[in-house]
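1. Here is my input, please return the structure:
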Amino acid sequence: MVVLRMRNVHKRKYAVLCLCIVGFIMYRYLGMPAERQRMSRKVGLSANSSQFTLEGEPFHILGGSVHYFRVPRAYWRDRLLKMKACGINTLTTYVPWSLHQPERGVFNFHTQLDLEAYLNLAAELGLWVILRPGPYISSELDLGGLPSWLLRDAGMRLRTTYPGFTEAVNTFFDKLIPKVFPLQFRKGGPIIAVQVENEYGSFAKDEGYMHFIKEALQSRGISELLLTSHLHNKLKSGGVDGAIRSVKLQKLTQKDIQDLNAIQPNSPAIVIDYWTGWYDAWGDLHHVLPPEDMVSTVREILRRGMSVNLYMFHGGSSFGFMSGALTDPSYKALIPSYDYDAPLTEAGEYTPKYHLLRDLLSRYNRRESFPDMPALRYKESYEAAIMYQHLSLWDALSFTEEPFKSSKPVNMENLPVNNGNGQSYGYTLYETTITSGGILRSGDHVRDRALVFVDRKYIGLFKRQSVELAVPDGKGRRTLSLLVENCGRVHQGRDLDKQRKGLVGDILLNTIPLRDFTIYSLDMKPSFIDSLYQAPWKTLSETASFPGFFMGRLFVYGYPSDTFVKLPGWEKGVVFINGLNLGRYWSIGPQQTLYLPGPFLNSGINQVIVFEEQEGDYKVHFENTPDLGMTADIQ
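-> Numbering: from 1, shown residues only. Below you'll find the model as predicted:
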């Protein structure tokens with residue numbers, strides 16, 4: 001009897017084991033899209049005729065850009081499922097060098113920056129991938145995604161074969177490419193194509209540069225189809241032999257098509273970036289593209305048999321100090337929202353563009369039924385956080401790295417901080433002693449904005465347009481302080497090498513250069529914000545000094561939901577939630593709310609810290625709808 005029972009137990013164990021093995025096989029093979037089961041994975045994506053083929057079968061790229069570094073990791077699956085449900089078959093993403101290598105010899109491919117996990121998720125969901133590893137990516141990021149420590153080299157020539165640049169690129173690619181090598185199509189992964197650099201025709205300072213990048217990719221094992229990307233009016237320059245050219249545009253004209261066909265006849269045409277909207281700068285309006293205009297252009301692209309990638313399908317947010325800037329015609333910093341007026345909003349909501357696009361692609365691709373649209377997530381209006389404690393900027397200085405003494409001003413990138421890598425983002429405080437009043441002249445050496453103080457009392461502001469400031473007379477030795485903000489390095493153009501920040505030259509008082517500075521680095525990294533919990537905070541009174549930090553609490557009951565931070569009555573500064581930098585706010589707009597994803601919050605008490613430069617309301621609001629400002633149609 002006992003023996004019989006034991007045998008039955010073993011039979012049950014074997015049965016369960018067999019069921020597990022069968023289940024895995026069914027998931028691994030039967031659960032994959034049918035076309036992926038049939039593919040032999042020997043040829044990959046080819047461009048040897050008038051249309052793309054994937055493993056010898058005609059293939060139409062219907063792509064969408066979603067950047068892993070702009071979407072909370074907890075929401076990657078949600079955003080990609082929504083893209084899949086719209087009829088998109090290919091994910092495109094840039095790889096931001098500046099985030100993956102914040103210091104020389106320091107690499108980060110974890111948590112939010114786990115590129116391998118992101119690409120594997122795309123494969124699991126049945127999406128192909130076009131990878132855009134740079135090293136320069138633009139993407140409206142600070143310095144176009146290049147790390148600022150490159151600028152410590154006074155002779156640096158970015159995006160050229162200058163040895164200091166190529167050596168740094170090789171070091172980065174030595175870390176990056178082995179991670180994506182096994183994820184190529186012919187290795188069984190989702191990557192069907194790789195872009196060589198980005199829009200080099202608009203820069204084109206070095207004829208050998210694109211060949212160097214191509215060789216850097218291929219020598220490390222990149223073997224899938226190579227692409228180069230070009231603005232529609234720069235198609236003739238910036239290409240490289242062995243890579244198919246693709247075009248970027250917002251309006252499709254007959255001339256664009258003729259130019260592309262003339263450069264590469266008998267090759268498939270792809271609009272690698274069809275711009276579904278646009279980005280915004282501080283002081284401008286929020287740019288929108290009417291849904292009908294977007295769908296009309298996509299319909300025409302498809303009618304002509306061209307492949308297309310929607311940039312952006314979902315923009316997300318440039319959290320922290322990621323945002324870049326413009327210089328043409330004058331300097332303008334970009335806002336942290338990267339909503340882009342895309343088919344999915346910054347917070348992952350469906351838009352009229354999404355529904356029109358889904359309808360168009362379902363009629364274009366009648367053979368496949370699209371997955372159901374995932375349910376939307378609830379957005380919450382939380383009770384306002386009352387700021388109850390205050391810490392002046394001056395009291396926070398003891399929590400920075402050791403101040404640096406220098407006879408002359410030193411730019412951010414060349415400060416001896418962050419293990420000798422300089423300062424990338426945030427603010428830098430320059431202090432010196434003066435013995436008279438007069439006229440202070442910046443000589444356009446303030447990058448990009450400076451609050452000026454005498455004995456820690458505010459006397460005025462330096463901006464790029466204002467280069468003179470009156471310093472009141474006074475007796476004896478006084479402390480002159482300049483709090484300089486890096487508002488964002490430009491992300492494109494031929495002046496990338498000139499993007500050093502802080503004080504980049506002499507400041508004159510009555511024609512005499514200021515000397516003997518004490519310099520504090522205020523990059524406001526999470527470690528610095530965390531250290532402030534030990535600082536001598538004071539109970540907030542009506543006479544709080546500025547600039548300063550203000551602390552309050554947000555209470556979340558139950559499971560945290562997405563919300564939007566609004567700061568009416570505040571002037572300009574930065575918001576930190578549980579030590580995470582959400583980004584800048586500025587009363588000039590257009591953006592009036594900061595997106596706060598639910599995964600950034602805890603159930604219960606959440607710490608809210610605001611760094612305000614000039615004026616505060618002492619209350620932070622949390623609303624259930626975004627406010628990106630007054631809109632203007634894209635021309």
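2. what are the ranges of the helices in the stretch 101-250 of the chain?
-> 115-124, 163-180, 209-218 (DSSP state H, counting those that start in this stretch).
3. wait, which of the ones you listed is closest to Tyr340?
-> Closest to Tyr340 of the helices of the stretch 101-250 of the chain, according to CB to CB: helix 115-124, at 19.2 Å. Any C-beta I mention is one placed from the backbone N, CA and C, and that applies to glycine too.
4. now what about the closest one, what contacts it?
-> With contact meaning CB atoms under 8 Å, 6 or more residues apart in numbering, helix 115-124 is reached by 68, 73, 76-77, 80, 91, 93, 95, 100, 109, 128-129, 131, 176, 179-180, 183, 189-191.
5. What mean pLDDT does it get?
-> Averaging pLDDT along helix 115-124 gives 98.
6. circling back: which of the helices of the stretch 101-250 of the chain sits most buried?
-> The highest mean neighbour count among the helices of the stretch 101-250 of the chain, using mean count of other CB atoms under 10 Å, belongs to helix 209-218: a mean of 20.
7. Quick one: distance of that one to the chain centre.
-> Taking CA atoms, centre = their mean, to the nearest Å, one finds helix 209-218 lying 24 Å from the centre of the chain it belongs to.
8. neighbouring contacts of it?
-> 133, 135, 159-161, 166, 169-170, 173, 177, 194, 196-197, 200, 226, 228, 238-243.
9. How about stretch 411-419?
-> So stretch 411-419 is contacted by 102-103, 106, 148-149, 151-152, 401, 404, 422-424, 428, 447, 486, 500-504, 519, 521, 523 (CB under 8 Å, 6+ apart).
10. Gln264 against Val247, yeah?
-> No. With contacts counted by CB atoms under 8 Å, Gln264 stays clear of Val247, the gap being 10.7 Å.
11. what's the spacing between Glu468 and Gln614?
-> 20 Å (CB to CB, to the nearest Å).
12. neighbour-wise, which of those two wins?
-> Taking neighbours as other CB atoms under 10 Å, Glu468 and Gln614 compare with Gln614 leading, 15 against 12.
13. Can you give me the buried ones in stretch 604-615?
-> Within stretch 604-615, the residues that qualify as buried are 606-613, counting by 16 or more other CB atoms under 10 Å.
14. Compute the number of surrounding residues for Gly438.
-> Gly438, neighbours per other CB under 10 Å, totals 16.
15. Any of the contacts of stretch 411-419 buried? List them.
-> Among these, those classed as buried by 16+ other CB under 10 Å are 102, 148-149, 151-152, 404, 422-424, 428, 447, 486, 500-504, 519, 521, 523.
16. Please narrow those to those residing in strands.
-> Among these, the residues falling in strands (DSSP state E) are 404, 428, 447, 486, 502-503, 519, 521.
17. Of Gln264 and Val247, which one has the most company?
-> Between Gln264 and Val247, Val247 has the larger neighbour count (other CB under 10 Å), namely 24 against 15.
18. Let me know whether the more buried one touches Thr253 as I believe.
-> No. Counting by CB under 8 Å, Val247 stays clear of Thr253, with 10.9 Å between them.
19. Identify the contacts common to those two.
-> In contact with both Val247 and Thr253: His232, using CB under 8 Å, 6+ apart.
20. what sits against His390?
-> With CB under 8 Å, 6+ apart, His390 has these contacts: 537-541, 544-545, 548-551.
21. Quick check: PyMOL command selecting the buried ones in these.
-> Per 16+ other CB under 10 Å, the buried members of these correspond to this PyMOL selection:
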select buried, resi 537+540+544+548+549+550+551
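22. could you dump the contacts of His390 to TSV with secondary structure?
-> Converted to TSV, the contacts of His390 look like this (DSSP: H, G, I helix; E, B strand; the rest coil):
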residue	secondary structure
Trp537	coil
Lys538	strand
Thr539	strand
Leu540	coil
Ser541	coil
Ala544	coil
Ser545	coil
Gly548	strand
Phe549	strand
Phe550	strand
Met551	strand
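23. What is the lowest-pLDDT residue among the contacts of His390?
-> Lowest pLDDT among these: Ser541, with 77.
24. Quick check: chain neighbours aside, which residue is closest to it?
-> His390 (7.7 Å; CB to CB, 6 or more residues apart in numbering).
25. Dig out what that neighbour forms beta bridges with.
-> His390 forms beta bridges with Lys538, Phe550, as assigned by DSSP bridges.
26. so how far is Glu349 from Ala375?
-> Distance of Ala375 to Glu349, computed by CB to CB: 12 Å.
27. So these two - more neighbours on which side?
-> Under the neighbour definition other CB under 10 Å, Ala375 and Glu349 were set side by side, and Glu349 has more, 16 against 7.
28. which one is that one nearest to, not counting chain neighbours?
-> Leu376 (6.2 Å).
29. Poorly predicted segments of the chain, please.
-> Applying pLDDT under 70 to the chain picks out residues 1-38, 542.
30. ok now do the residue positioned nearest the centre of it, which residues does it touch?
-> Taking CA atoms, centre = their mean as the criterion, Ser318 is the residue nearest the geometric centre of the chain, at 4.5 Å. Going by CB under 8 Å, 6+ apart, Ser318 touches 70, 140-141, 334, 336-338, 583.
31. With Gly63 instead?
-> By CB under 8 Å, 6+ apart, the neighbours of Gly63 are 88-92, 130, 272, 307-310.
32. what bridges to it?
-> Per DSSP bridges, the residues bridged to Gly63 are Thr90, Asn309.
33. quick one: it and Gly201, what's the gap?
-> In terms of CB to CB, Gly63 sits 21 Å off from Gly201.
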